[in-house]
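**Q** Fold the following.
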Amino acid sequence: MVENNVMKKQLITALAVILLSGCASAPTYTVLTNEGTEYTASTEPMADAGGYLTFLDEDGKKVRIKEADVKSISED
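**A** Numbering: from 1, shown residues only. You can find the predicted model right below:
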């Protein structure tokens, strides 16, 4: 009986670790400009009606750049 409780606790702990590790790996995006500047976005870059892309960088700061200045966007 005691062995079953220990095994259940170990199984629950292992499942919790697996689930939480999946949550911690949110996608990031690399935004490369025509001039060669590279940004790491922690949120998906979103285009607005004014022709700008907006995203949060890896420090949580809001970045807004012209779509015409962007060479590529890739999901990491």
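
**Q** is it true that Ala68 lies in a strand?
**A** No: according to DSSP: H, G, I helix; E, B strand; the rest coil, Ala68 belongs to no strand; its state is helix.

**Q** roughly how far apart are it and Gly60?
**A** 26 Å (C-beta to C-beta, to the nearest Å). Glycine gets a C-beta too; all of them are placed from N, C-alpha and C.

**Q** Give me the residues contacting the host helix or strand of Thr30.
**A** Using DSSP states H and E, Thr30 falls within strand 29-33. With C-beta atoms under 8 Å, 6 or more residues apart in numbering as the test, strand 29-33 has contacts from 38-41, 43-45, 53, 55, 63, 65, 69-76.

**Q** buried subset of these?
**A** Tyr39, Ala41, Thr43, Pro45, Leu53, Phe55, Val63, Ile65, Val70, Ile73 (16 or more other C-beta atoms under 10 Å).
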